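S.K.: Based on what follows, work out the 3D shape:
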Amino acid sequence: MAKITVLESNITILKDDYISLTDMVRNIENGLVLIEKWLRNKNTIEFIGIWEEMYNADFNSPEFEGIKNEAGYNRFSLSVKMWINKTNAHGLIAKAGRYGGTYAHKDIAFEFASWISPKFKLFLIKEFQRLKEDEQKQLGWDIKRNLTKINYRIHTDAIKENLIPKQLQASQISFVYASEADILNVALFSMTAKQWQEANKDKKGNIRDYADVNQLVCLANLESLNAHFISENISQPQRIEKLNQVAIKQMNILLSDKSMKKLEK
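M.R.: Alright, predicted model coming up:
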């Protein structure tokens, strides 16, 4: 859990980048009513429904279509809890307790911020990015610190083979992915976040929560490299092929005994 300050509003951010909508409107008169009004808006329902279909394999799309068709009528009403219960949505959270309130995944929270004020949205994004940059710096330090304590060895060739990324097929290279995060997932893990969720319905979290330290180091390198490729206007198919080749090479290096000894020093 973390907090950021946006235009004198202290805003709580939970794990996995869920931002408190309640905190965002706390300093606005009748602010909580704004969340209800926003959720009843037909454009809002369409947006959060599309987000769920992209990232939530368990989303109840037929129920979503029914809600969307009802939106706009005077009799229509919808709360966060109703939305979650009817559609099995993951993008919004109704949390009780000390840090209770309505939380939304950052993609949805930024959309809500636009509804409040364009100025508020811009400052929210700025402070959120600053927080992420600070976390990345801390993560880099933690990885370096922990690597000096790790005496990690690959016991069998089978284990090593499971950790080395697979070379992508032509169909995977040519496919258009919705997010840059999934480009990195496919390059390193050979699957999108949604594909991993569908194959691991018994597990909580996401594909990166189950990555080992070598994969996290490789992922950090791929993120920087992808940003460079984007600035060079390299197409998505070309980028994903290059990133996959780099991932294979780096994981082979990271998993070799000699490289681990150097990192430990």
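
S.K.: Which strand or helix spans Asn74?
M.R.: Using DSSP states H and E, Asn74 maps to neither a helix nor a strand.

S.K.: count of neighbours near it?
M.R.: Counted with other C-beta atoms under 10 Å, the neighbours of Asn74 add up to 5. To be clear about C-beta, it is placed using only N, CA and C from the backbone, and glycine gets the same treatment.

S.K.: Give me the distance between it and Arg98.
M.R.: According to C-beta to C-beta, to the nearest Å, Asn74 and Arg98 sit 37 Å apart.

S.K.: what do you get for Asn56?
M.R.: In terms of C-beta to C-beta, Asn56 sits 27 Å off from Arg98.

S.K.: higher neighbour count, the two?
M.R.: Remark: of Asn56 and Arg98, Asn56 carries more neighbours, 17 against 5, as counted by other C-beta under 10 Å.

S.K.: Am I right that that one is in contact with Ile84?
M.R.: No: the criterion here is C-beta atoms under 8 Å, and Asn56 misses it with Ile84 at 11.0 Å.

S.K.: Which residue is the nearest non-sequential neighbour of Asp182?
M.R.: What sits nearest to Asp182 in space, not counting adjacent residues and going by C-beta to C-beta, 6 or more residues apart in numbering, is Thr192, at 4.5 Å.

S.K.: now Ala104, what's its secondary structure?
M.R.: Secondary structure, DSSP: H, G, I helix; E, B strand; the rest coil: Ala104 is strand.

S.K.: got it, and Lys3?
M.R.: The three-state label for Lys3, taken from three-state DSSP, comes out as strand.

S.K.: which residues sit in contact with it?
M.R.: Counting by C-beta atoms under 8 Å, 6 or more residues apart in numbering, Lys3 makes contact with 10-13.

S.K.: cutoff 6 Å now
M.R.: Lys3 makes contacts with 10, 12, as judged by C-beta atoms under 6 Å, 6 or more residues apart in numbering.
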